[in-house]
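J.: next come a sequence and a model predicted from it.
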Amino acid sequence: MWCWVILMLLCCGWTQAFGLAELSRQLQSPGNVQGAFVQQRYLKSLTKPLTTEGKFALVPKKALFWHLQKPFVQQLRVRPDGVWQFNGGSWQKTTSHAAGQQRQMQLFLDLLGGNAQGLQNQFETKLSGTAQQWHLVLLPKTALMKQIFSRIDIQGDQAVRMVSILEKQGDKTVMRFVQVRLNVPLSGDAARALAA
């Protein structure tokens, strides 16, 4: 009898597997996601990582507000139409010489916002885990992404909690997202950035 119960539970688990489409819907369902981040960049030429900290706000499928606070202040807004930087008085679109940065920031918007189609166009995807604790591995498949990245690991639950990026030349970036809140009113800077 117990064998049949266990077999039925296993079969139900397989038929209701957590896939990329479910993850995408889960990450795109909140009206907004905001919190703080700590980014550590490990360069082959340095013995200690470069650490930056700040706050972020994301409106899935629309825009990302990235407010770097340490070691210097910088505010970026990433939207499908490009990357914008706040100059203290207004938002200025970054120039074409920063095309590589724009591609990376757009990729970051896709990562945090669960844009599965955008990711699958450029990466082979391997997802494991459950809706409460998942791990997504991205392996580059386009020529451009193969020139930049070796792999990207993303972990999370209702939101992305950690992103680890291994670059082709051996450098590594690890971002951790803390104090993450879903569907709460946006802070003043974030509200102004994402409303514009």
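T.: Alright, I've got the coordinates. Numbering: from 1, shown residues only.
J.: figure out the helix or strand that L109 lives in.
T.: Using DSSP states H and E, L109 maps to helix 99-113.
J.: I'd like the average pLDDT over the next helix-or-strand element following that helix.
T.: Under the assignment DSSP H and E, the closest C-terminal helix or strand after helix 99-113 is helix 116-122. Across helix 116-122, pLDDT averages out at 79.
J.: what packs against helix 116-122?
T.: Helix 116-122 sits against helix 20-28, helix 99-113, with contacts defined as 3 or more Cβ pairs under 8 Å, 6 or more residues apart in numbering; DSSP states H and E. For every residue, glycine as well, the C-beta is placed using N, CA and C.
J.: quick one: which of the ones you listed is nearest T51?
T.: helix 99-113 (17.9 Å; Cβ to Cβ).
J.: list the contacts for A36?
T.: E53, G54, K55, F56, F177, V178, Q179 (Cβ atoms under 8 Å, 6 or more residues apart in numbering).
J.: go with 7 Å
T.: Applying Cβ atoms under 7 Å, 6 or more residues apart in numbering, we find A36 in contact with K55, V178, Q179.
J.: what about the second one, how many neighbours?
T.: Using other Cβ atoms under 10 Å, the number of residues around V178 comes to 11.
J.: packing partners of the strand or helix carrying it?
T.: V178 belongs to strand 172-182 when assigned by DSSP H and E. Counting contacts by 3 or more Cβ pairs under 7 Å, 6 or more residues apart in numbering; DSSP states H and E, strand 172-182 is packed against strand 33-42, strand 160-167.
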